[in-house]
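Q: With the sequence up front, the predicted model follows.
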Amino acid sequence: MSDTVKTDPTGITIEIVYRGIFQKTLAQRICRSVVLAARKRGYTGTAFGRYGDSPERNGVPAKYFAVVAINDLELEASMAKYEPSVVDIAVAVDDTLVKGVESWAWYGRQPIWKPVHEGGAVLVTSDKTPEDVLAQTDTAERPYLLGVVPGLASFAGLWVFKDDHTDYRVLGALAKVVPQWVRIEDVKALIQEQTKDGSAVASAQDGYERTQLRQVKVGEGTPDHEVLQFDKPGWTTMRPGVIVDARKPGERNPYYKKYGARTLRPVVNFDTCIKCTMCWLDCPDECFEVTPEGHYEVVYEACIGCGICAQVCPVKDCIVMVDELKFEDNDDKWQMWKTDHDAYNRWFEQKSGVSADPKKVAVASSRAENAAPGANPTTAGGED
Amino acid sequence: MAVEVREKQPSDVETEQLATGCEAIAEAIRLADVDVMAAYPIRPYDGVMQAAAKLIANGKMDVEYIVADGEHSQFEIVKHACAVGSRVFVGSSGVGWFYAMEAIAVTAGLRLPVVAICGNRALDDPGAFGCEHNDALAVRDLGWLLCWAETAQESLDFALTAWRVGEDKRVSLPVAIGLDGAFLTHSQQIVKIPTQSAVNSFLPKFDLGDRLLHPDNPITIAPQVDQDWLMEIRMQNDQAMRKALEVIAEAHADFKRLFGRGGENPYLDEYMTDDAEVVFIGQGTLSLPMKVAIRKLRKEGHKVGLVRLKWFRPFATADVVKSLSRFKAVGVIDRDYSFGSPFYGGVLYNEIRSAMYSVEKRPTIVGFIAALGGREIEQPMAREMFDKLTAAASGGLRSGDITHWIGVRN
């Protein structure tokens, strides 16, 4: 199989899957540059965000699109749309998005490769290997090309763009897999014009050269992710007067779970928990359930990973935020602690990188390496 | 004394931008040298606010930018600014447009050429952002000129045309430009930004003449009247709206000469209609997927075309009749509703049907309510409409077949 993507001769469609609000400008910049680079050779194009998204909501997956076409006539087929039904390339600018995209705009949860046609590509910015990324990606139903653009997820603060060259590296990677539409020389010329910065141009070349490609066959990936798919009601089955049933007290929303917004998840050391209620009180999504002993366990299906619990917890390392890609499921962990205390603590230490024993200092691997609260813009700054 | 050699200003060179419909409108505000714009955020219109604010912040535009406390004040501000001789811009969307409705209504009565965009948005409830035309259509009876753009380029072009036509003394009426929410307001397309000098030769300075509200010209605007006065005032508005048709045609001809754009007809665009037996007619961006559908149908040998109505007010009755009477059947696509109207049809449907009444050999006219709330026109929907239209053309219309809702889940 080829390391480039075969596309329709009349145009190409690329989607950027990003996390609102921290990556909105990043996604927009990549899409605009794709069109402007293609314009250099006389092609036309359009760039647009998915209108139904709510890209101002922290961490919620959203999409931005770039369509390039050989002329205005061919472009018409891609206009007046919210999102293309089929794309040549999906780019995830945060690797935790490969666990599935449950966005504000889309009813349900979709695999990252869902709109990518057979033989298309999924590019992921990540510091992990293609194997590690694939291990957390939904089982492939069609073969596709997986590319890992080396680097950490670029998260800017609210409304601020973090100029860490992620956009240039992604453009370089795109030039690698669709050279017929995104030429590296056009990308570099565009970046030079826009930035007059040789290091920015070099970053595009870096993305072009260092992107690791791996062919994904049907059946590869993980089957363990939860499927969320729903039918929409018709006019004869809807209640009149714009009414929907409310959730009963204590019941969580089964249609919109939001955990796809999570890049870090809190893990709890129940041994050191002093049952102070702070996490339970301050959690903006009411994710904590009270256990019979008065501990607070996280309902991971509802947790968006904002990190506020870890911030308000008065006990050091009692709640630790850990990279979401280290977890396969959303299972309740308090039961595990209850039935096999030592196994739970080993699990806690392995995931969090900190000791479960309050008397000990941090175990071998440091917290900074495993848990990266600074990577989450909602909690960044608290300790700096 | 040394002669200062000025470099050619960027605005003297036609440039190209990747811009949304809203950003294209902001460029038009800059090029028209607007004096006052009033803003209040509501999606999708607010893209213009942001783009205009950016132009000001970057030192590219000088305009009095007033953020109002709500849409009603927003439209009042520009109305008053216009009365004292300012070229003005304003806009809103959906329920925001409706909140401003009192100010919108009086602006037309006062013959003040305010230029507004309506970033088309479904009316709440439920809260929705998608495109429906009912917001802008609410001004259809009030004396506002009303047009719909198809692309970001046309948004800019229509805005420049709007000031020229609205401010023309023969018209002196406000103009609203419909921009389909999302599809046009928020999608970036390649837009040609004309030169300042070309714009200057197209768009004269705004001059209210002896209607200028100024201490040197003592006048009272809008005193109270009794039943002896209003009919004559309404008659003036009616006459101005009649005049607007020819002023639009003049502006269109000039625009084409200066910028090389604007199509054949000032009021409507025809696509693949030369030998067409049946055509669709609609407004705004729904033409884009319909053109794709028509090319497909043509490949299969069907003689089908599209008419895109650009100006809804004034309604170019003669041109519309001349165009549509050539066809066997006409399918009117309404991105709007008019509950309880004749045949439960859309607004455009009943306008077209009324216009065609006097034609001796009337085409069969079928109404389609489609793409409400911003729903996309997908290719199967276009096919369904075509099938229904051709069936009506060959079999005649039964009363239950006149209006069809397309793409509704049961």
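A: Thanks, I have the structure now.

Q: and stretch B:144-158, how far apart are its ends?
A: 15 Å (CA to CA, to the nearest Å).

Q: how about the residues of the stretch 251-400 of chain B near chain A?
A: B:285-286, B:288-289, B:291-292, B:374, B:376-377 (CB under 8 Å from any CB of the partner chain). For the C-beta atoms, the positions are set from N, CA and C on the backbone; glycine is no exception.

Q: and if we set it to 7 Å?
A: B:285-286, B:288-289, B:291-292, B:376 (CB under 7 Å from any CB of the partner chain).

Q: how about residue B:134, what does it touch?
A: Contact analysis of residue B:134 by CB atoms under 7 Å, 6 or more residues apart in numbering or on different chains lists B:123, B:336-337.

Q: Also residue A:274?
A: residue A:315.

Q: residue nearest the centroid of chain A?
A: residue A:97 (2.7 Å; CA atoms, centre = their mean).

Q: Name the nearest residue to that one, sequence neighbours excluded.
A: residue A:17 (5.2 Å; CB to CB, 6 or more residues apart in numbering or on different chains).

Q: Correct me if wrong, but that neighbour is in a strand.
A: Yes - checked against DSSP: H, G, I helix; E, B strand; the rest coil, residue A:17 lies within a strand.

Q: Now do the SS call for residue B:37.
A: Per three-state DSSP, residue B:37 ends up strand.

Q: now swap in residue B:240 and tell me
A: helix.

Q: quick one: average confidence on stretch B:223-235?
A: Summarised as a single mean, pLDDT over stretch B:223-235 is 94.

Q: let me redo that: stretch A:76-95
A: 96.

Q: Is it positioned near chain B?
A: Yes - with CB under 7 Å from any CB as the criterion, chain B is reached by stretch A:76-95 at A:76-77, A:79-82.

Q: ok, which pair from these is furthest apart?
A: Farthest apart among these by CB to CB are A:76 and A:82. That separation is 15.8 Å.

Q: Show me the chain divided up by domain.
A: This is for chain A. A:11-223, A:259-375 (automatic domain parsing).

Q: nope, chain B please
A: Split by automatic domain parsing, chain B gives B:10-259, B:268-405.

Q: Identify the bridge partners of the spatially most central residue of chain B.
A: In chain B, the centroid-proximal residue (CA atoms, centre = their mean) is residue B:147; its distance is 2.2 Å. With DSSP bridges as the criterion, residue B:147 is bridged to residue B:177, residue B:311.

Q: Flag every residue of chain A that's near chain B.
A: A:32, A:35-36, A:39, A:44, A:46-49, A:51, A:76-77, A:79-82, A:232, A:234-236, A:242.

Q: how about whichever residue of the stretch 201-350 of chain A sits closest to chain B, what does it touch?
A: For the stretch 201-350 of chain A and chain B, the shortest gap (CB to the nearest CB) falls at residue A:234, measuring 3.6 Å. By CB under 7 Å, 6+ apart, residue A:234 lies in contact with B:409-410.
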